[in-house]
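Asker: what would the 3D arrangement of this be:
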Amino acid sequence: MGECNIEGYKLLYSGREDEAHREGVALCISPKAQRALIEYKPINERLLKARFRGKWFNITVIVVYAPIEDGEERVKDRLYGDLQDLVDGTQKHDILLVMGDMNAKVGKESFRSVGPESLHQTSNNNGLRLASFAEANNMIIGGTWFPHKNIHKYTWESPDGRTRNQIDHILVDAKHRGALQDVRCYRGAGCSTDHLLLTAKVKARLKLEKKMRNEPQRKFETERLKQLELSNQYQLEIRNRYEVLMMTEEEEMDMEEEAKMLEECIIKSAEEIIGYKQNNRREEWYDEVCANAVEERKKARQKWQQTRSEEDKEDFIQRRRNAKRVNLDKIETLGREGKIREQYAVIKKVRNGYRPRVNMVIHQNGVIATREEEILSCWKKIFKELLNRPEPDTPYEEANDDNINEKEVREPTINEVGTAIKELKNDKALGKME
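Answerer: Model (predicted):
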């Protein structure tokens, strides 16, 4: 349970506590929507709730992952019980959206919540549960109300391509049904899953918090200093600037003022000689070869979806392997060229090896705090109890300096310091100090 950032987008997620790779729900929000996020609450591996600030109405989103049709009845009962508690706790004026993998086939029975455009004629057990839940809470099942071709209605397809079901749904409260303008599937999103991308068009305006404009952190192109001529020019520029400033100063400066002056000389010289790095969003390793491999994989997948032939399926699988092979070739090439840092960056990118940044605290009573003020209050309480402890019965006795046998070490000379700095390697940790 927590959140992580992926290329500007924030992923809110809620999963199992035993770290088993089953179930789990998530909500990915754009940078713009992040500014409207009021709070979010991960419930368990099947439920997550988030609330956004709107201009006229706030928006509450509940993400659901329901058990399969053959799942245990007690698990289904517990899920819909928890879901009902979340709906009951929603502000009555909010636009309420309930979405996710419901594993529910909803038929064209006489339910007010179900429209005439459902893909199925009869409901399964999960479908009856979902329709009854929608009826009880005065909600509609959006995907059953908008006319589309059947290929834009089904949300799940069996691996053999013979069975297609509409089991992912988006519900909206009937009071705000006018805000839901369309629901349909897109088959072109290739995510290596048997589910299709279900989208909804909602007419609502977010009320964004004013964003403070901070100067972006800029980095110098230090790689250019590996060129001997440029490195000598950079050193000479720093020396000249520093000597000029020292000559113009009439009064004697203290150490802090002199250090500040030296820092200014270094920065000004770096701006003039080596310049700043260019902020390219696309990684250097992602070149035209990678882009072509990904594009070929995408076209092969679209062709297979249209024809459903074994030949096109094999072609898609082969091109998917080729796209992965291109990344592996890049990794091997960087290793042979000795670019170890770039090599590990590509490995991390390909494997999605990011570490989620958890932005929540669990209170002593077990309640999860996700809002910033709640987290600060919790940490304040923890440190107050941790630091404000009574003094120990036996006071600490300071060691006698006379008993410490230390070998006297002379101060290093300027030449020794300079030699040690030159021996340091770029992009390497200093290691253990001897």
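Asker: how about the contacts made by Val183?
Answerer: For Val183, the contacting residues are Gly142, Gly143, Trp145, Phe146, Ile170, Leu198, Thr199, Ala200, Lys201, by CB atoms under 8 Å, 6 or more residues apart in numbering. Just so you know, the C-beta spots here come from the backbone N, C-alpha and C atoms, and that holds for glycine as well.
Asker: again, 6 Å this time
Answerer: Applying CB atoms under 6 Å, 6 or more residues apart in numbering to Val183 gives the contacts Gly142, Gly143, Phe146, Ile170, Ala200.
Asker: who wins on neighbours among those residues?
Answerer: Of all the contacts of Val183, Gly143 has the most neighbours under the rule other CB atoms under 10 Å, reaching 28 neighbours.
Asker: can you show me the strands along the stretch 151-300 of the chain?
Answerer: With strands called from DSSP state E, counting those that start in this stretch, the stretch 151-300 of the chain shows them at 156-157, 164-165, 168-173, 180-186, 197-202.
Asker: can you tell me which of the ones you listed is most buried?
Answerer: Comparing the strands of the stretch 151-300 of the chain by mean neighbour count (mean count of other CB atoms under 10 Å), strand 168-173 ranks first with a mean of 23.
Asker: give me the mean pLDDT for it.
Answerer: Rounded to a whole number, the mean pLDDT of strand 168-173 is 94.
Asker: which strands and helices sit next to it?
Answerer: Counting contacts by 3 or more CB pairs under 6 Å, 6 or more residues apart in numbering; DSSP states H and E, strand 168-173 packs against strand 95-101, strand 139-141.
Asker: could you rerun that using 10 Å?
Answerer: Contact analysis of strand 168-173 by 3 or more CB pairs under 10 Å, 6 or more residues apart in numbering; DSSP states H and E lists strand 59-65, strand 95-101, helix 125-136, strand 139-141, strand 180-186, strand 197-202 as its packing neighbours.
Asker: among these, which is nearest Gln217?
Answerer: strand 59-65 (32.6 Å; CB to CB).
Asker: elements contacting the closest one?
Answerer: strand 9-14, strand 25-29, strand 37-44, strand 47-52, helix 73-88, strand 95-101, strand 168-173.
Asker: turn these into TSV, including distance to Glu271.
Answerer: Listed next are those as TSV, based on distance: least, CB to CB, whole Å:
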stretch	distance to Glu271
strand 9-14	33
strand 25-29	37
strand 37-44	38
strand 47-52	42
helix 73-88	54
strand 95-101	49
strand 168-173	52
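Asker: these: which one's closest to Asn415?
Answerer: Judged by CB to CB, the one of the helices and strands packed on strand 59-65 that comes nearest to Asn415 is strand 9-14, at 51.5 Å.
Asker: list the buried residues for that closest one?
Answerer: Going by neighbour count (16 or more other CB atoms under 10 Å), the buried part of strand 9-14 is Lys10, Leu12, Tyr13, Ser14.
Asker: Arg341: which of these is nearest?
Answerer: Lys10 (27.4 Å).
Asker: low-confidence stretches in this structure?
Answerer: The chain contains residues with pLDDT under 70 at 207-216, 249-251, 279-287, 349-360, 363-364, 366-368, 370, 394-407, 426-434.
Asker: name the next helix or strand downstream of the top helix by length along it, please.
Answerer: Using DSSP state H to define each element, the chain has its longest helix at helix 310-336. Using DSSP states H and E, the helix or strand that follows helix 310-336 in sequence is helix 340-350.
Asker: show me which residues of that following helix are buried.
Answerer: For helix 340-350, the neighbour count (16+ other CB under 10 Å) marks Glu342, Gln343, Val346, Ile347 as buried.
Asker: I'd like the residues you listed laid out as JSON lines, including distance to Thr155.
Answerer: Shown next, in JSON lines, are the buried residues of helix 340-350 (distance: CB to CB, whole Å):
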{"residue": "Glu342", "distance to Thr155": "40"}
{"residue": "Gln343", "distance to Thr155": "39"}
{"residue": "Val346", "distance to Thr155": "34"}
{"residue": "Ile347", "distance to Thr155": "34"}
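Asker: just those now: which is nearest Asp312?
Answerer: Asp312 has its nearest neighbour among the buried residues of helix 340-350 in Val346, at 30.4 Å by CB to CB.
Asker: please name the residues that touch Val114.
Answerer: For Val114, the contact set (CB atoms under 10 Å, 6 or more residues apart in numbering) comprises 106-108, 123, 127, 130-131, 134-135, 140-141, 143-145.
Asker: and if you look at Asn240?
Answerer: By CB under 10 Å, 6+ apart, the neighbours of Asn240 are Cys265, Ser269.
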